[in-house]
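Engineer: Next come a sequence and a model predicted from it.
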Amino acid sequence: MDPDFDGFLHDPARLSIVALLAPADWVEFGFVRDTVDTSDSALSKQVAALADAGYVEVRKTRNHTGRHTHLRLTPHGRHAFQRHASALERIVAAAREPLK
């Protein structure tokens, strides 16, 4: 197995979340929920796991329109995602090579 392959990050829900967060700074929770097509509770569970692993930072604010939750990748999370994506690319490239 490729040493950069991240089994924790490879979970489809977590991978979808970090892939969505990768090109952005802070992203609103509802946008992530709607884009990855999941429920609030399922997303909260995955975000908690990602935050516990140090991959995601959560910011909760309150203003006149209510409570807001925003997410972003930490530097550690961004690096882990880049490494994992590179590992996946190498695995796919190897699968495309003709058998010898």
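Structural biologist: That came through, no problem. Note that the coordinates shown come from a computational prediction; the quantities given were computed from them, not determined experimentally.

Engineer: Tell me how far Val47 lies from Ser41.
Structural biologist: For Val47, the distance to Ser41 equals 11 Å [CB to CB, to the nearest Å]. Using the backbone N, CA and C atoms, a C-beta is placed for each residue, glycine as well.

Engineer: neighbour-wise, which of the two wins?
Structural biologist: Per other CB atoms under 10 Å, whichever of Val47 and Ser41 has more neighbours is Val47, with 21 against 9.

Engineer: I figured the more buried one was touching Ile17, is that so?
Structural biologist: Yes: using CB atoms under 8 Å, Val47 is in contact with Ile17, at 7.0 Å.

Engineer: overlap in contacts of these two?
Structural biologist: Val56, Leu71 (CB atoms under 8 Å, 6 or more residues apart in numbering).

Engineer: in the protein, which spans are helices?
Structural biologist: Remark: helices assigned in the chain by DSSP state H are 12-21, 29-36, 40-52, 75-96.

Engineer: Identify the residues contacting the residue nearest in space to the middle of the chain.
Structural biologist: Centroid check for the chain by CA atoms, centre = their mean gives Val18 as the closest residue, at 1.5 Å. Going by CB under 8 Å, 6+ apart, Val18 touches Leu9, Leu50, Tyr55, Val56, Leu73, Gly77, Ala80, Phe81.

Engineer: Leaving out chain neighbours, which residue sits closest to the fifth one?
Structural biologist: Pointing back at Leu73 there. Of all residues not flanking Leu73 in the chain, Leu21 sits nearest, at 4.8 Å (CB to CB, 6 or more residues apart in numbering).

Engineer: got it, and the last one?
Structural biologist: The shortest distance from Phe81 to any residue that is not its chain neighbour, by CB to CB, 6+ apart, is 4.7 Å, and that residue is Val18.
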